[in-house]
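Colleague: When you get a sec, could you give me coordinates for this:
(one chain, ligands or ions: 2)
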Amino acid sequence: MTTVISVTNQKGGVGKTTTAVNLAYFLAKSGKSTLLVDFDPQGNASSGLGIDKQALQQTMSEVIMGRTTLDQVVVGTEYQNLWVAPTTPQLANTEVELAQAEQRFARLRLALESLSIEYDFIIIDSPPSLSLLTVNGLIAAQYVLLPVQAEFYALEGLGQLLETMKLVRRASNPTLELLGVLPTMVDSRTTLSSQVVAEIHKHFPGKVFNSVIPRNIRLAEAPSHGLPIGVYDRFSKGSRAYKSLAKEVMERVQ
Ligand code: ATP
Ligand code: MG
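Modeller: Ligands and ions are numbered 1, 2, ... in the order given. Down below sits the predicted model:
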């Protein structure tokens, strides 16, 4: 049984990609075969794992338009149990093309169903919008992992995401579930941060992960080296936090 988790929040820069990359890494490190699907035209998840996007012949764009299979674009990483389905900025054009296509909302789901290898986990990194691509992610997933940045406007706009999830449930994916809410970039020294974390708990009772991701410069540095935090600096606070998140995720999906 594969567990498919979409890391989603239409707000930009809240830590979706950082979470997708490092969660995928630590799941793989725990022995779970894991596929990270980069589904954001920015392609940050691909570069965060050191994938050279220039060298790629085919990416998620071709998969989504049915020009190749997902199996064909999956590439291995330097890490055991961890694979990536990479993306380039071309995916932005593909999204326009996709808007006219048949079954345009289900393309990612169909692609995942066509995989010949059964992964334990598939982690989808979504773009910062409630676009066609994001909806494809929600339709393909069993769970949503929602990173929320510990800042003043953090909860604004989340109602819209929950509404979209409701529509997706009604239309085609009745079992879609919120796996958990993850406070990110938390600065425990500021009262604002702790107030926002308290707000998040109030808004999503019982749904907030115990793991909290601190604001940590090592997490911000790691992608420029193309490394997950567990490799770049495994003793950093950020690394410990994502390791603990992976453990919690494995417990929650059981
Ligand atoms: P986008 O919406 O553009 O896809 P995102 O939600 O994927 O953004 P990230 O790219 O993960 O967000 O993070 C935004 C920026 O903040 C990046 O430069 C990243 O390195 C940095 N960052 C993420 N998490 C942390 C953290 N816990 N501490 C410090 N910096 C962080
Ligand atoms: Mg991102």
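Colleague: How much space separates the residue in the stretch 151-254 of the chain that ligand 2 sits nearest to from residue 197?
Modeller: The minimum distance from the stretch 151-254 of the chain to ligand 2, using C-beta to the ion, falls at residue 223 (10.1 Å). The C-beta positions use only the backbone N, C-alpha and C, and glycine is treated the same way. Using C-beta to C-beta, to the nearest Å, residue 223 is found at 25 Å from residue 197.
Colleague: Next: residue 42.
Modeller: For residue 42, the distance to residue 197 - C-beta to C-beta - is 27 Å.
Colleague: quick one: which helix or strand includes the residue in the stretch 151-254 of the chain that ligand 1 sits nearest to?
Modeller: Distances between the stretch 151-254 of the chain and ligand 1 by C-beta to the nearest ligand atom are smallest at residue 220, namely 3.6 Å. Assigned by DSSP states H and E, residue 220 falls within helix 217-221.
Colleague: and the helix or strand that that helix is followed by, how far from the chain's centre?
Modeller: Later in the chain than helix 217-221, the nearest helix or strand by DSSP H and E is helix 229-232. Centroid separation for helix 229-232 versus its chain: 18 Å, with C-alpha atoms, centre = their mean, to the nearest Å.
Colleague: Tell me which stretches of the stretch 151-254 of the chain form strands.
Modeller: 177-184 (DSSP state E, counting those that start in this stretch).
Colleague: What residues does it have near ligand 1?
Modeller: 184-185, 213, 215-216, 219-220, 223, 238 (C-beta under 6 Å from any ligand atom).
Colleague: residues near the closest residue to residue 177 other than its chain neighbours, how many?
Modeller: Nearest non-adjacent residue to residue 177, counting by C-beta to C-beta, 6 or more residues apart in numbering: residue 143, 5.4 Å away. Residue 143 has 20 neighbouring residues, counting by other C-beta atoms under 10 Å.
Colleague: cool, and residue 29?
Modeller: Residue 29, neighbours per other C-beta under 10 Å, totals 19.
Colleague: what do you get for residue 89?
Modeller: So residue 89, with other C-beta under 10 Å, has 13 neighbours.
Colleague: and if you look at residue 210?
Modeller: Neighbour count for residue 210, taken as other C-beta under 10 Å: 9.
Colleague: picking that back up, may I see the residues of the stretch 151-254 of the chain next to ligand 1 organised as a markdown table, with pLDDT and distance to residue 152 added?
Modeller: Below are these laid out as a markdown table (pLDDT from 0 to 100; distance: C-beta to C-beta, whole Å):
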| residue | pLDDT | distance to residue 152 |
| --- | --- | --- |
| 184 | 98 | 14 |
| 185 | 97 | 12 |
| 213 | 98 | 18 |
| 215 | 97 | 15 |
| 216 | 98 | 20 |
| 219 | 98 | 21 |
| 220 | 98 | 20 |
| 223 | 97 | 25 |
| 238 | 98 | 22 |
